[in-house]
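**Q** What follows is a predicted structure for the sequence shown.
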Amino acid sequence: MDLLKYVQDKYITKKEFPEFKAGDTITVYYEIKEGQKTRTQFFKGTVIQLRGTGATKTFTIRKMSGDVGVERVFPINMPALQKIEVNRQGKVRRARIYYFRDLRGKKARIKDKSYTKK
C-alpha cells in the first residue's frame, strides 16, 4: 500500500481547491468536449459526502432540477475540473448526509454556518 501511495503522490498532479465538507453548497466548473469544441459547464448543489483520501478522493453533489433530484460524483483529481467555488457553508452533524435525499421543500434547508451561535 505504501508503494501505491508513493506513486500517486509522485506522478499524479494535484490541483488546489478550497476546503469544503458535507452540507456546503458549492459550484463545480468542469470542461465538456463536444466533438472538436470544448466548453465549460457548472454544477451547483449541496455536498452529500466526501469519500477516499489522497488521489482517489471523490465528492458527491446533489441538486434539485424541478422535482427530480440529480446527484453527480466528481473525482478530486479529474483533469476536466477547472475550479470549485464554495457558495455557502452549511452546519450539519454528519459527514455523509444521505438523509438529505428524502427531504423536500423547507425541510431540505441546511442551516448556514455563519448564522449559528458560537
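**A** That came through, no problem. Numbers count the residues shown, from 1 in each chain.
**Q** Between the two ends of stretch 62-81, what distance do you get?
**A** Start-to-end span of stretch 62-81 (CA to CA, to the nearest Å) is 17 Å.
**Q** Would you mind writing the CA trace of stretch 16-36 as CSV?
**A** The C-alpha trace of stretch 16-36 is given here as CSV (Å, rounded to 0.1, in the frame of the first residue of the first chain):
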residue,chain,number,x,y,z
GLU,A,16,-5.5,23.4,-5.3
PHE,A,17,-9.2,23.7,-4.4
PRO,A,18,-10.8,25.3,-1.4
GLU,A,19,-11.7,23.2,1.6
PHE,A,20,-15.3,22.1,1.8
LYS,A,21,-17.3,19.4,3.7
ALA,A,22,-20.7,17.8,3.7
GLY,A,23,-23.6,20.4,3.9
ASP,A,24,-21.7,23.1,2.0
THR,A,25,-23.2,24.5,-1.2
ILE,A,26,-20.6,24.6,-3.9
THR,A,27,-20.3,25.3,-7.7
VAL,A,28,-18.1,23.0,-9.7
TYR,A,29,-16.9,24.2,-13.1
TYR,A,30,-15.8,21.4,-15.5
GLU,A,31,-14.9,21.1,-19.1
ILE,A,32,-17.0,19.2,-21.6
LYS,A,33,-15.8,18.2,-25.0
GLU,A,34,-18.4,18.0,-27.8
GLY,A,35,-16.6,16.9,-31.0
GLN,A,36,-13.9,19.4,-31.6
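**Q** Give me the buried stretch members for that stretch, please.
**A** Of the residues in stretch 16-36, those buried by neighbour count under the rule 16 or more other CB atoms under 10 Å are 20, 22, 23, 24, 25, 26, 28, 30. (Each C-beta comes from the backbone N, C-alpha and C, glycine too.)
**Q** so which pair among those is furthest apart in space?
**A** Spatial extent of those (CB to CB) is set by the pair 23 and 30 at 21.6 Å.
**Q** quick revisit: now render the buried residues of stretch 16-36 as JSON lines, adding pLDDT and secondary structure.
**A** Formatted as JSON lines, those follow (pLDDT from 0 to 100; DSSP: H, G, I helix; E, B strand; the rest coil):
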{"residue": "20", "pLDDT": "93", "secondary structure": "coil"}
{"residue": "22", "pLDDT": "93", "secondary structure": "coil"}
{"residue": "23", "pLDDT": "92", "secondary structure": "coil"}
{"residue": "24", "pLDDT": "94", "secondary structure": "coil"}
{"residue": "25", "pLDDT": "94", "secondary structure": "strand"}
{"residue": "26", "pLDDT": "95", "secondary structure": "strand"}
{"residue": "28", "pLDDT": "96", "secondary structure": "strand"}
{"residue": "30", "pLDDT": "94", "secondary structure": "strand"}
